[in-house]
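>>> Predicted model and sequence follow; I will ask about them next.
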There are 2 protein chains.
Amino acid sequence: MSFQHLKVTPHRLINTIHQTAQWGAKGIWGPEPTQTGMCRLTLSDDDKEVRDWFIKEVNSLGCKVKIDQLGNIFAIYSGQKDGLPTAIGSHLDTQPTGGRYDGILGVLCGLEVLRTIKDNGFTPKYPIAVINWTNEEGARFPVSLMSSLVWSGAHDLQETYNLKSITDDVPVTVRDELERIGYIGDVPVDYKQNPIKCHFEIHIEQGPILEESNKKIGIVVGAQGYDWTKVHVKGKATHTGTTPFYARSDALLATSQMICKGNELAKKAEGLFSVGVLNLLPKVVNVIPDSTEFVMDLRHPIKDSLHKLKDDCVEEFKKIAHEAGRNVSVEFEHVMLSDPLEFHADCVSCVQSAAVELYGKDNVLEIVSGAGHDSCATSGVVPTSMIFIPSKDGVSHNPEEYSTPEQVAEGFQVLLNAVLRYDSLRVD
Amino acid sequence: MSFQHLKVTPHRLINTIHQTAQWGAKGIWGPEPTQTGMCRLTLSDDDKEVRDWFIKEVNSLGCKVKIDQLGNIFAIYSGQKDGLPTAIGSHLDTQPTGGRYDGILGVLCGLEVLRTIKDNGFTPKYPIAVINWTNEEGARFPVSLMSSLVWSGAHDLQETYNLKSITDDVPVTVRDELERIGYIGDVPVDYKQNPIKCHFEIHIEQGPILEESNKKIGIVVGAQGYDWTKVHVKGKATHTGTTPFYARSDALLATSQMICKGNELAKKAEGLFSVGVLNLLPKVVNVIPDSTEFVMDLRHPIKDSLHKLKDDCVEEFKKIAHEAGRNVSVEFEHVMLSDPLEFHADCVSCVQSAAVELYGKDNVLEIVSGAGHDSCATSGVVPTSMIFIPSKDGVSHNPEEYSTPEQVAEGFQVLLNAVLRYDSLRVD
């Protein structure tokens, strides 16, 4: 039987998404029972419940289940031959005010792939793994892509075990919580000792591009890089009523000029500039701000352009400070840098073929991921790619995050075909 | 004896300023014992101590002392004739992180006027009053010029009694504290029932103009008006990495543009625009701000120009919101409006004559007060004017607030001569 002709059970995937939302449903936004968001913080009781359910489901399909030292779950469905599994991964944890799709879609689509091939009596050439990565969100323990980064060798296991929660009244560690919910396995968290052949992930776009351009599927060709820099602007606190403009050193005016200029530079460079956090002192109505600090979030899909955008911002901000008053100065503090990624041509090509075959080239769009995903971690060590489906109004990390049942079903079909195409093309 | 030839005791005034700083000294900024700021919150124990001391001093000069229902102290030195007193007023309370001069200079210069005429055996034509106004700062109970506004009929006594403190762990009322420190008198707080002839006040400039233009004395001809408006900017929270510029509704970018534009408009209008308070939500590094609110502080010495500046800001901010994204909107909430004041020609002329006679016209400057003072309240009901002396670096409401002993002595001499000139010119 050709993988293109597998019969898919209608509605089962979307029903599973909504049924499993019982573990962590939160944030009502409409009258229907499915119209809530999610709060399923990693390694919480709700996370344990959905993990237990997931393992029961994959066991019932005949999978072999491996749990590693960080609670990452690898459910492996056998193929005709032995070999490294073709993997489908994402995460079942959510933000505290998250939605029903971010991460969850990816793991449950993986499960639906296994259910579909089993229903159809189809045996892939090689094993297929579905992976649930622990703490992708970084919401409870503040490192995003926490476990996929350890698995791919970028972060340290012991340091990760010792991370403290920021959402509990009494902070607990990752290790404490893994032990408490019974998900500290003995499989090494290491792509060399517990390898996979490749990593596919389906995810909501979390942005407006597919919706606004009226496309069904995003072929994710890579992920943009980002640079987070804390900017400290120092001015001088003086009285708003008694200090003429020429004698001011207004830290907030200089900051406002920097924010305007940063936006302008990023537009020209075809990157992104944003400021989400800004603090000022002393915060009194009739006192000119003495100092501000803000975090500059720069994004660009091309490495050199990202670095140039950063350099240009630094240079222009220094000019602004220099021109803003005799007591205005600016300093920069590095917070985080993640260079842009390109996904693997073989994986991208499987996604592209599947999507175009199913919906025609006018309904698909090559896209660069704006956000970080577990696939960004795996991409460093195994061939990886992603599939995006549209997000209503581009909204994410919000209870109202939404994709239609049709969009979910269409995305799933692309994942199924892309993974089985990759499997069929494998010669190892 | 002509009032122009009274002998002044050198250093006594500046020594009194530093000696009485014992009640509330705080904020060391240099190695000398006089190099601290002040925290003498109104109606505190320190305020009671300095009031007790003040009353003892004026009693020793033979003054009659009246304490009104808000603890305002009127120390009245007799003249040759009966009649309303020529008054010199200011305040002994300070900001929590205040300096040694703001307000204190005015009351102690008044005391020094009485000491000087007494020493010289000089009897003024009419009585001279020195007034200590309660809670000019509005730091402990959040209404500036609190008691002079009640006295001049602009604010209500009962409402003022019920004001709650914002600097105490357990808030107390004005009435509670007046009773506790024993300063709730029985004289009505009312310019009709407890009248004065006029009101003079010497104060530090709290700005850089005199220092930068190298002048000794500011002839204060009026006070600029101010308009405080809370501006609410609503945008839409979306992901910084996944939201292209065209799809953003960035509340902070719009706010930054408004702050730049407001500065530009005020410069053109020869007024002032400042933002000292700015809050944003949700304040997450990778989330575009959903909303901001900030307080726009506008100043102008001319009433129509102040109102036009406000109208122009409102209009331009609406334009900015309109152009900033489909989900950006702006709303305005009135906070406070105080129209510009002109001080009384007779009083201003006495200050002018005294200053020019003493230091020559090249050393004096006509100036408009940028800040509010008790004189702004009295000006509504009795002839009023003010004298400014230079503030080092324009700094005020700060422990490092400083004027040199020479500047203090020069200002005092102008006050002495201006008040006695006014007295000598009175015909009632």
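Thanks, I have it.

>>> give the contact list for the closest residue to chain B within the stretch 301-428 of chain A.
Proximity to chain B, evaluated over the stretch 301-428 of chain A using CB to the nearest CB, is greatest for A:Gly370 at 3.4 Å. C-betas here are computed from N, CA, C, even on glycine. Neighbouring residues of A:Gly370 by CB atoms under 8 Å, 6 or more residues apart in numbering or on different chains: A:Gln206, A:Gly207, A:Ala223, A:Gln224, A:Leu272, A:Arg299, B:His239, B:Gly241, B:Thr242, B:Thr243.

>>> Show me which pair in those is furthest apart.
For the contacts of A:Gly370, the farthest-apart pair by CB to CB is A:Ala223 and B:Thr243; their separation is 15.2 Å.

>>> Would you map out the domains in chain A?
For chain A, whose domains are defined here by the TED database, the residue ranges read A:3-224+A:340-425, A:225-338.

>>> Could you export the ones you listed to CSV, including columns for distance to B:Leu309 and mean pLDDT?
What follows is the domains of chain A, written out as CSV (distance: least, CB to CB, whole Å; pLDDT from 0 to 100):
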stretch, distance to B:Leu309, mean pLDDT
domain A:3-224+A:340-425, 38, 97
domain A:225-338, 13, 95
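
>>> and of these, who's closest to B:Lys261?
Using CB to CB and comparing those, the one that lies nearest B:Lys261 is domain A:225-338, at 9.5 Å.

>>> Run the chain-centre distance for that closest one.
Averaging C-alpha positions (CA atoms, centre = their mean, to the nearest Å) puts domain A:225-338 27 Å from its chain's average.

>>> swap in stretch A:350-370?
Taking the mean C-alpha point of stretch A:350-370 and that of its whole chain, the gap between them comes to 20 Å (CA atoms, centre = their mean).

>>> Same question for stretch A:25-45.
Relative to the centre of its chain, stretch A:25-45 is centred 19 Å away, using CA atoms, centre = their mean.

>>> that older thread, make JSON lines out of the contacts of A:Gly370 and add secondary structure, distance to B:Leu265 and neighbour count.
As requested, the contacts of A:Gly370 are exported to JSON lines (DSSP: H, G, I helix; E, B strand; the rest coil; distance: CB to CB, whole Å; neighbours: other CB atoms under 10 Å in any protein chain shown):
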{"residue": "A:Gln206", "secondary structure": "coil", "distance to B:Leu265": "38", "neighbour count": "25"}
{"residue": "A:Gly207", "secondary structure": "coil", "distance to B:Leu265": "36", "neighbour count": "27"}
{"residue": "A:Ala223", "secondary structure": "strand", "distance to B:Leu265": "43", "neighbour count": "26"}
{"residue": "A:Gln224", "secondary structure": "coil", "distance to B:Leu265": "38", "neighbour count": "25"}
{"residue": "A:Leu272", "secondary structure": "strand", "distance to B:Leu265": "30", "neighbour count": "27"}
{"residue": "A:Arg299", "secondary structure": "strand", "distance to B:Leu265": "33", "neighbour count": "26"}
{"residue": "B:His239", "secondary structure": "strand", "distance to B:Leu265": "34", "neighbour count": "24"}
{"residue": "B:Gly241", "secondary structure": "coil", "distance to B:Leu265": "35", "neighbour count": "20"}
{"residue": "B:Thr242", "secondary structure": "coil", "distance to B:Leu265": "35", "neighbour count": "26"}
{"residue": "B:Thr243", "secondary structure": "coil", "distance to B:Leu265": "30", "neighbour count": "26"}
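
>>> Looking at these, spot the one nearest B:Val233.
Comparing these against B:Val233 with CB to CB places B:Thr243 closest, at 17.4 Å.

>>> residue contacts, the residue lying closest to that closest one once chain neighbours are set aside?
If the residues on either side of it in the chain are set aside, B:Thr243 comes closest to A:Gly207, at 5.5 Å by CB to CB, 6 or more residues apart in numbering or on different chains. Contact analysis of A:Gly207 by CB under 8 Å, 6+ apart lists A:Gly370, A:Ser391, A:Gly394, A:Ser396, B:Thr238, B:His239, B:Gly241, B:Thr242, B:Thr243, B:Pro244, B:Ala247.

>>> A:Val368 versus A:Gly207, what's the distance?
10 Å (CB to CB, to the nearest Å).

>>> What is the burial count for A:Asp311?
Neighbour count for A:Asp311, taken as other CB atoms under 10 Å in any protein chain shown: 10.

>>> tell me the SS of it?
With DSSP: H, G, I helix; E, B strand; the rest coil as the basis, the three-state label of A:Asp311 is helix.

>>> What values do phi and psi take at A:Thr292?
phi -140, psi 160 (degrees, to the nearest 10).

>>> thought it was touching A:Leu278?
Yes. Between A:Thr292 and A:Leu278 there is a contact under CB atoms under 8 Å: 6.4 Å.

>>> Between the two, which contacts overlap?
Once CB under 8 Å, 6+ apart is applied, the residues that A:Thr292 and A:Leu278 both contact turn out to be A:Thr255.

>>> Phi first, then psi, for the residue sitting nearest the centre point of chain A.
With distances taken as CA atoms, centre = their mean, chain A has A:His373 as the residue nearest its mean C-alpha position (3.3 Å). A:His373 has phi and psi values of phi -140, psi 160 when expressed as degrees, to the nearest 10.

>>> A:Trp228 too?
Backbone torsions for A:Trp228, taken as degrees, to the nearest 10, come to phi -110, psi 120.

>>> show me the contacts for it.
Contacts here follow CB under 8 Å, 6+ apart; on that basis A:Trp228 touches A:Val295, A:Met296, A:Asp297, A:Leu298, A:Val335, A:Met336, A:Leu337, B:Val285.

>>> would you list those residues in JSON lines and tack on secondary structure and distance to B:Leu149?
Below are these laid out as JSON lines (DSSP: H, G, I helix; E, B strand; the rest coil; distance: CB to CB, whole Å):
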{"residue": "A:Val295", "secondary structure": "strand", "distance to B:Leu149": "43"}
{"residue": "A:Met296", "secondary structure": "strand", "distance to B:Leu149": "45"}
{"residue": "A:Asp297", "secondary structure": "strand", "distance to B:Leu149": "47"}
{"residue": "A:Leu298", "secondary structure": "strand", "distance to B:Leu149": "50"}
{"residue": "A:Val335", "secondary structure": "strand", "distance to B:Leu149": "48"}
{"residue": "A:Met336", "secondary structure": "strand", "distance to B:Leu149": "52"}
{"residue": "A:Leu337", "secondary structure": "strand", "distance to B:Leu149": "56"}
{"residue": "B:Val285", "secondary structure": "coil", "distance to B:Leu149": "45"}
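
>>> Which among those residues count as buried?
If you count burial by 16 or more other CB atoms under 10 Å in any protein chain shown, the buried members of those come out as A:Val295, A:Met296, A:Asp297, A:Leu298, B:Val285.

>>> Show me the two of those residues that sit farthest apart.
Between any two of these, the greatest separation by CB to CB is 11.6 Å, found for A:Leu298 and B:Val285.

>>> Assumed A:Asp423 was part of a helix.
Yes. Read with three-state DSSP, A:Asp423 is one of the residues of a helix.

>>> Could you measure from the closest residue to A:Asn120 other than its chain neighbours over to A:Phe412?
Leaving out its chain neighbours, the residue that sits closest to A:Asn120 by CB to CB, 6+ apart is A:Leu6, at 4.6 Å. Remark: distance between A:Leu6 and A:Phe412 (CB to CB) = 11 Å.

>>> Between the two, which is the more surrounded one?
Under the neighbour definition other CB under 10 Å, A:Leu6 and A:Phe412 were set side by side, and A:Phe412 has more, 24 against 18.

>>> what's near enough to touch the more buried one?
Counting by CB under 8 Å, 6+ apart, A:Phe412 touches A:Val8, A:Leu13, A:Cys109, A:Glu112, A:Val113, A:Ile202.

>>> My reading is that it is in a helix; is that accurate?
Yes. A:Phe412 forms part of a helix when assessed by three-state DSSP.

>>> now it, nearest residue through space, not along the chain?
Using CB to CB, 6+ apart, the closest residue to A:Phe412 is A:Cys109 (4.9 Å).
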